[in-house]
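Undergrad: I'll drop the sequence and a predicted model, then ask my questions.
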Amino acid sequence: MAKNLVIVESPAKAKTIEGFLGKEYTVKSSFGHVRDLPDKGISIDIENGFKPNYVVSDDKKKIVDELKKLSKAADMVWLATDEDREGEAISWHLKEALNLDDKHTKRITFNEITKTAIQKAITKPRTIDIDLVNAQQARRVLDRLVGFELSPVLWKKVKPSLSAGRVQSVAVRLIVEREREINNFQSTSFYKTVALFKVGSSVMKAELNKRFAKHEDALAFVEACKKAAFSIEDLVKKPGKKSPSAPFTTSTLQQEASRKLGFSVARTMSVAQKLYEAGHITYMRTDSVNLSETALNGAKEEITKSFGANYSNTKQYTTKSKGAQEAHEAIRPTYMNNHEAGNDAAEQRLYDLIWKRTIASQMADALLERTTVTIDVSGRNEKFIAEGEVIKFDGFLKVYMEGTDDETDDNTEGMLPPLKVGEKLNYNEISSTQRFTHHPPRYTEASLVKKLEELGIGRPSTYAPTISTVQKRNYVVKEDREGKKRQYDNILLTNGAIKEEKKEENTGAEKSKLFPTDIGMLVTDFLVQHFGYYGLWFHGKRRKRI
DNA sequence: CAGTGAGCGAGCTTCCGCTTGACTT
């Protein structure tokens, strides 16, 4: 029997660590939390200091018995659960459930799974941080009280089996409020004027720096263009750069896999889990953008070998999200020199995304040259503006470009032909087209996760389950909607003649967007009315029961 | 007389966050 028992949260992690520590150490996993409030009833003694009544969860009885036996036989038990609020609580629960005494128990933490990090952790044990444990208990108790007091009110007043809680009710409210914003949105139209100028054998596109509100003003401008002369008034070149994004966290992986691969957040997580269990990537539930020393070196080596030393720019990123607890590394390939991994197409594509994002994060900025051309229209104050962008050094763009959520028509900026100030220009065509302002976008699963993270609501392990809960309760549906036909005006000037047309386009089509249901809106209004800030104040004052 | 239906009462649902399988479909 080994002298030392090390307990971590995840079995895959246990397997890896056992290899680092040698024969004196047995490494086991708790499979997450081992104790919790029971499923039924509040189970909190509100009269006596809100004392929680914890029980060993049914699915953890076997593992707790096994850990009990192993801990009795060991000289020392090392509680090596994650270095965050929940991890500290898991260690404390293990100590309670296994009846561990202080003399034979040590608490260690590490936030990367490397041999040096583990060995260093063993030399610096500490005791359980009871303040952090209490913070977790406060979180747990509050969530139970809110969820189990509020939900039955909904059963009575609205419909059985509904639910409310600190996280899910906010998620639903965000979707409901966005839908109402969209319904109240008054779209206005304007005229966007674009010219195509002949420059040698190529064509340069330029947009007018004024948008006309009225059809008659747009028409008057295009009319004036018939006789106007066009010349280059100004030519400005400015250097620019693009920097790579930080390596993936759970939330950014979910967003990018949704944009680039069309995965739902649940799909992303289950595919990532398989890659993790096969040892291809690091832990997939993380809020950290940190990379270990070995990862940084591995990336540098790989970039230098594949692209040259001038493409390498080794750096550490700092988290932007305020609630981050950073118990793990960022999501990255375990071995940087593995360019491909995975058993099926989904795993391979997700791995490819993770590999590229990680490698790109350690590559040099892309260097650009942005050119802005101002074109004078004789007899008018408005100017046409043409913009061009030339990549001087591609840097990280060689492997990876982050996707965007933008739905606006893409203005692909390319190279501009050679030009000089004062040069006269002739147009091929000038058009003024009626465009419409957009309502704020509906949430996708991934953009909702992004919003929740910004608000500090939910954790990496709960983003995907929360999204499925609000759909399971039928508060929210994920749907495609067909667009509507819309007419718009187009004024076109070619060869000195103006042609006016009514054209038709499809607008408002949605794909895989989140829509609130009637019940979602009703429950949100009910909760806001009775349990929003003023609702709580009202009920407290009047001690009114509902 | 047999079948129907109104009315009553009991028991169930639910939170968030940490982990995987063990289940169906």
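TA: Right, received. Where do you want to start?

Undergrad: near DNA strand B, which residues of the stretch 101-250 of chain A?
TA: Proximity of the stretch 101-250 of chain A to DNA strand B (C-beta under 7 Å from any atom of the strand) is limited to residues A:139-140, A:143-144, A:147-148, A:151-152, A:155, A:160-169. For the C-beta atoms, the positions are set from N, CA and C on the backbone; glycine is no exception.

Undergrad: hang on, isn't residue A:494 packed against residue A:428?
TA: Yes - if you go by C-beta atoms under 8 Å, residue A:494 and residue A:428 touch, sitting 7.3 Å apart.

Undergrad: where in the stretch 1-150 of chain A is pLDDT low?
TA: Counting by pLDDT under 70, the stretch 1-150 of chain A has low-confidence residues at A:1.

Undergrad: Now with 80, please.
TA: Within the stretch 1-150 of chain A, the stretches with pLDDT under 80 are A:1-2.

Undergrad: all strands for it, in order.
TA: Remark: strands assigned in the stretch 1-150 of chain A by DSSP state E, counting those that start in this stretch are A:4-8, A:25-29, A:35-36, A:44-45, A:51-52, A:55-56, A:76-79, A:105-107.

Undergrad: Show me what the third one is packed up against.
TA: Strand A:35-36 is packed against strand A:55-56, helix A:85-97, with contacts defined by 3 or more C-beta pairs under 8 Å, 6 or more residues apart in numbering; DSSP states H and E.

Undergrad: can you tell me which residues contact residue A:283?
TA: By C-beta atoms under 8 Å, 6 or more residues apart in numbering, the contact set of residue A:283 is A:10, A:13, A:113, A:276, A:328, A:329, A:331.

Undergrad: try it again with 7 Å
TA: Residues near residue A:283 by C-beta atoms under 7 Å, 6 or more residues apart in numbering: A:276, A:328.

Undergrad: Need the pLDDT of it.
TA: pLDDT recorded at residue A:283 is 97.

Undergrad: Equivalent analysis for the one 4 residues further on, please.
TA: The predicted structure scores residue A:287 at 97 on the pLDDT scale.

Undergrad: can you tell me how far it sits from DNA strand B?
TA: From residue A:287 across to DNA strand B, the span is 9 Å (C-beta to the nearest atom of the strand, to the nearest Å).

Undergrad: I'd like to know how many residues surround the nearest residue to that residue once chain neighbours are set aside.
TA: Distances taken as C-beta to C-beta, 6 or more residues apart in numbering place residue A:324 nearest to residue A:287, at 4.2 Å, with adjacent residues excluded. Neighbour count for residue A:324, taken as other C-beta atoms under 10 Å: 18.

Undergrad: Can you tell me which of the strands of the stretch 1-150 of chain A is packed in deepest?
TA: strand A:4-8 (a mean of 24; mean count of other C-beta atoms under 10 Å).

Undergrad: Which other helices and strands does it contact?
TA: Judged by 3 or more C-beta pairs under 7 Å, 6 or more residues apart in numbering; DSSP states H and E, the packing partners of strand A:4-8 are helix A:11-21, strand A:25-29, helix A:61-73, strand A:76-79.

Undergrad: out of these, nearest to DNA strand B?
TA: Between DNA strand B and the helices and strands packed on strand A:4-8, the tightest spacing by C-beta to the nearest atom of the strand is seen for helix A:11-21, at 5.0 Å.

Undergrad: who touches that closest one?
TA: Here helix A:11-21 makes contact (C-beta under 7 Å, 6+ apart) with A:6, A:8, A:25, A:27, A:28, A:29, A:31, A:113, A:115, A:118, A:276, A:277.

Undergrad: Hmm, residue A:395 is touching residue A:362, no?
TA: No - applying C-beta atoms under 7 Å as the test, residue A:395 and residue A:362 come out as separate, 11.0 Å apart.

Undergrad: I appreciate the help and will end here.
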